[in-house]
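Student: attaching a predicted model along with its sequence, questions to come.
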Amino acid sequence: MILHKLTTSPFKDLNLQHCLQRLADNDGVLLSQDAVYAVMHQDISHKLSQLSGKVFMLKEDAEARGVLVNEYIQTIDYGGFVELTLKFNKVVSW
């Protein structure tokens, strides 16, 4: 069980696309900083919507960037981020 933590915009690099290709069934994805813009990328947003219950976004980062959160993404605060790091065996930063 790996939590994949992304911080860069999918409009800037391919980290999120590469991450999605390597996800295992029990992995999770955390969008933080500029990675929250992923919901505005049509293809990536569609792929994320298929990962029911496995996609998380830092609420503060989404609000700071004016990003509206889709219903398939669970918004969390920094306390929730700490809980996720304890839930998953490993955290990989992209």
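Tutor: Sure, I can see it.
Student: the helix-or-strand element of the chain with minimal mean pLDDT packs against which elements?
Tutor: Counting by mean pLDDT, DSSP states H and E, the chain has its least confident helix or strand at helix 42-49, which shows a mean of 90. For helix 42-49, the packing partners by 3 or more Cβ pairs under 8 Å, 6 or more residues apart in numbering; DSSP states H and E come out as helix 15-22. All C-beta atoms are positioned from the backbone trio N, CA, C, and that covers glycine.
Student: tell me the buried residues in the helix it packs on?
Tutor: By neighbour count on 16 or more other Cβ atoms under 10 Å, the buried set for helix 15-22 is Asn15, Leu16, Cys19, Leu20.
Student: out of the residues you listed, which one sits closest to Ser45?
Tutor: Nearest to Ser45 among those: Leu16, at 10.6 Å, using Cβ to Cβ.
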